[in-house]
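Engineer: 3D, please:
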Amino acid sequence: MVPTKHKQGSIVPPAKDGLDRSQHPCHNCRRQRLKCDRSIPQCAKCIKRGHECLGYSRLFRWQEGVASRGLLTGVTFANETTDNRPALARPLQRKNDLELSQTSLRSSGAGFESHVEIVSILLMRRVVASDVCRNLVLYDTPHQNPFRELIPLTRQEPILLQIIVANSALHMFNASQKFSGREINRTHESRRQEVAGPYFDALTAKQRTLSMLRHVLTHTTLTYNDVVLAIMVLLIEFELMESGRDDWRHHVKGAEKLIAVLSQPQMQAHLTLSPIRSCLISNWMVFEALRSMLACSENTPTLEASPDNIIPHVPSLLRDAEGNHCSSFPAVLLQLVQAGTRLSQPSCPISLQIKQSKLFLLVCAARSFDPLTWATELQPRSPSADLQQRNLVARGHKAAVTIYLSRLLLSLYPTTKPSCDFVALVDEVIGSISQIRKHDALFTATTWPAFIAGAETNMAEKQELVVVRFRELWEVEPWGLMRGALRTLETIWLIKKRGAQDGKSYLPGQRLRDGDWIRYLRETGVNWLIL
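Structural biologist: Below you'll find the model as predicted:
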């Protein structure tokens, strides 16, 4: 990586309006051949157009070549072209920019310039580290976030740099969008130019990541490298940021195969469980535990595919995730959810009577969980003194898990008398998570219980509180799964409303029992992952 000299915009004496001016136009105006007002530090013309000014100092440029370090050593990738390029983008006119990578990351025309612009913003201002590293943790503090260990590795692992750029660009795009439960109309002309920037760059970088990953897994023997596992976890994060539906399953499955290799005795004899690997595996375990809860029936995991049968020390790794994972899901409750999901599968090879008995015991176990005890025992592993908020989060999760397991039981055995008060449980969830405000570190840990409470409640005022919560979650963490979750809840509420009007609950061509929202979620054919 060799920096090339690039003349930086120097400052000339103040103009008549008293503002400092650069001697050179900003990069945006120069490339689009517009007259720049040369304001310091940002061009006012860019701000007026709603674009982020790239400023006057040097930019970064991807340069094609052969990788000399990392997993892709000696590999050259062909240029990628895209037929559907944004109309705004044009090739760069100057070649004296900073060479960041020796792997081919260049795309001619529009993709090239827009990609250079997004990388310039992200890398020069260190947004890469702050956005990507903090998304999967509660506390992004020194020595508490293993994901930050990935940043230095990007110098020798171009594939890692690509997925980080992809996630950062998607984060930037989502942050610029208004929250709505409805699908974004990305074909509308008024939105086309906005979508063509960061979103296009995110998809381009993701595609390059997948291409490089395919080569790594096919042509190298270093598949046990932590970098590969990190890439898979970051790909899961990308899918959750984009929509939270379907595609994340492939990356969870891929990570499962890699972790199974890592957990073989002959591999463990040569590899130590480093902090970053422990963090990555525990993150995968949370994804794996929650993936089947809202997945359609054919995609629920088998008993053989459970983490207990893939890697050792499952309880301890899940407890590690409790401290700083973005969900702060109590490990005991998470394992109850996973066990209940497995029991509810048609393929579960036990009698109906035993299934019913086991599910009832799981409900009892959830109700006996003590949030305060859990929060107290967690404090030595928590990056911050947050006993009160952990207690609130645990209370919300306890009530939500009780709702979920009870609905599983009633879904399989509709004649069973409910053993809990669903209205009171919804009130407990909403009452607990509503005390956690938007500025609190554990705010993002309220997503899963908020979704369960929203799916269960029939009261309009409670539904509105859930809508407000997901809007605020989007403002704090603009992930597509927030929009997808609300869109799903709005559909469930519409079904309930229709059922209340004509005395029955139904879908077009289907009939659903009252409260059987789990069955609806599993029969839609969409695989959701709500953290």
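Engineer: Longest helix of the chain, counting residues only.
Structural biologist: The residue-count maximum for a helix in the chain (DSSP state H) belongs to helix 387-412.
Engineer: Now do the very next helix or strand once past that helix and helix 387-412, the angle between them.
Structural biologist: Per DSSP states H and E, the first helix or strand lying C-terminal to helix 387-412 is helix 422-433. On the basis of axes from the mean of the first three to the mean of the last three CA atoms, to 10 degrees, helix 422-433 is oriented at 150 degrees to helix 387-412.
Engineer: Only the C-alpha atoms, please, for helix 422-433, written as CSV.
Structural biologist: Taking C-alpha atoms only, helix 422-433 is exported to CSV below (Å, rounded to 0.1, in the frame of the first residue of the first chain):
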residue,chain,number,x,y,z
PHE,A,422,-51.1,-13.4,27.7
VAL,A,423,-52.4,-9.9,28.3
ALA,A,424,-50.4,-9.6,31.5
LEU,A,425,-47.3,-10.9,29.8
VAL,A,426,-47.5,-8.3,27.0
ASP,A,427,-47.9,-5.6,29.7
GLU,A,428,-44.8,-6.9,31.4
VAL,A,429,-42.8,-6.9,28.2
ILE,A,430,-43.8,-3.4,27.2
GLY,A,431,-43.6,-2.1,30.8
SER,A,432,-40.0,-3.4,31.1
ILE,A,433,-38.6,-2.3,27.7
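Engineer: coming back round to it: mind checking the pLDDT average for the longest helix of the chain?
Structural biologist: Helix 387-412 carries an average pLDDT of 94.
Engineer: Same check on stretch 160-170?
Structural biologist: On average, stretch 160-170 scores 89.
Engineer: burial measure for residue 460, as a count.
Structural biologist: Look at residue 460: counted by other CB atoms under 10 Å, it has 10 neighbours. Every residue, glycine included, has its C-beta placed from N, CA and C.
Engineer: And for residue 474?
Structural biologist: With other CB under 10 Å as criterion, residue 474 counts 21.
Engineer: try residue 48
Structural biologist: Residue 48: 9 neighbours (other CB under 10 Å).
Engineer: Could you do residue 255 as well?
Structural biologist: Neighbours around residue 255, by other CB under 10 Å: 25.
Engineer: From here on, call the first residue 30.
Structural biologist: Understood, numbering begins at 30; the last thing we discussed is residue 284.
Engineer: does it sit in a helix or strand, and which one?
Structural biologist: Counting by DSSP H and E, residue 284 is part of helix 277-291.
Engineer: Show me what that helix is packed against.
Structural biologist: Counting contacts by 3 or more CB pairs under 8 Å, 6 or more residues apart in numbering; DSSP states H and E, helix 277-291 is packed against helix 255-271, helix 304-320.
Engineer: Can I get the last one as PDB, trimmed to CA atoms?
Structural biologist: Okay, so that is helix 304-320. The C-alpha trace of helix 304-320 is given here as PDB (Å, rounded to 0.1, in the frame of the first residue of the first chain):
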ATOM      1  CA  PRO A 304     -11.000 -13.800  22.000                       C
ATOM      2  CA  ILE A 305     -12.000 -12.900  18.500                       C
ATOM      3  CA  ARG A 306     -12.900 -16.600  17.600                       C
ATOM      4  CA  SER A 307     -14.800 -17.000  20.900                       C
ATOM      5  CA  CYS A 308     -16.700 -13.800  20.000                       C
ATOM      6  CA  LEU A 309     -17.400 -14.900  16.500                       C
ATOM      7  CA  ILE A 310     -18.600 -18.400  17.500                       C
ATOM      8  CA  SER A 311     -20.800 -17.000  20.300                       C
ATOM      9  CA  ASN A 312     -22.400 -14.600  17.800                       C
ATOM     10  CA  TRP A 313     -23.100 -17.400  15.400                       C
ATOM     11  CA  MET A 314     -24.700 -19.400  18.300                       C
ATOM     12  CA  VAL A 315     -27.100 -16.600  19.000                       C
ATOM     13  CA  PHE A 316     -28.000 -16.400  15.300                       C
ATOM     14  CA  GLU A 317     -28.400 -20.200  15.200                       C
ATOM     15  CA  ALA A 318     -30.600 -20.300  18.300                       C
ATOM     16  CA  LEU A 319     -33.000 -17.600  17.000                       C
ATOM     17  CA  ARG A 320     -33.000 -18.600  13.300                       C
END
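Engineer: List the buried residues for it?
Structural biologist: Going by neighbour count (16 or more other CB atoms under 10 Å), the buried part of helix 304-320 is 305-320.
Engineer: what angle separates that helix from helix 255-271?
Structural biologist: Using the same axes, to 10 degrees: helix 304-320 against helix 255-271 is 40 degrees.
Engineer: Go ahead and confirm residue 348 touches residue 411.
Structural biologist: No: under the criterion of CB atoms under 8 Å, residue 348 makes no contact with residue 411, lying 11.7 Å away.
Engineer: Neighbour count: those two, which is higher?
Structural biologist: residue 411 (21 against 17).
Engineer: Quick check: pLDDT value at residue 325.
Structural biologist: Value listed for residue 325 in the pLDDT field: 53.
Engineer: Skip the chain neighbours and tell me the closest residue to residue 237.
Structural biologist: Leaving aside its sequence neighbours, residue 237 sits nearest to residue 191 (CB to CB, 6 or more residues apart in numbering; 4.9 Å).
Engineer: and that neighbour, how far is that from residue 202?
Structural biologist: 17 Å (CB to CB, to the nearest Å).
Engineer: Looking at those two, which is more packed in?
Structural biologist: Legend: neighbour count by other CB under 10 Å for residue 191 and residue 202, higher for residue 191 (27 against 22).
Engineer: in which helix or strand would I find that one?
Structural biologist: Counting by DSSP H and E, residue 191 is part of helix 187-204.
Engineer: coming back round to it: ok, the residue nearest to residue 237 - contacts?
Structural biologist: 134, 234, 235, 237, 238, 241 (CB atoms under 8 Å, 6 or more residues apart in numbering).
Engineer: could you measure the spatially closest residue to the last one that is not a sequence neighbour against residue 263, distance?
Structural biologist: In this structure, residue 241 finds its nearest non-sequential neighbour in residue 188, 4.1 Å apart by CB to CB, 6+ apart. When CB to CB is the yardstick, residue 188 and residue 263 sit 10 Å from each other.
Engineer: Surely residue 504 touches residue 467?
Structural biologist: Yes: counting by CB under 8 Å, residue 504 does reach residue 467; the two are 6.9 Å apart.
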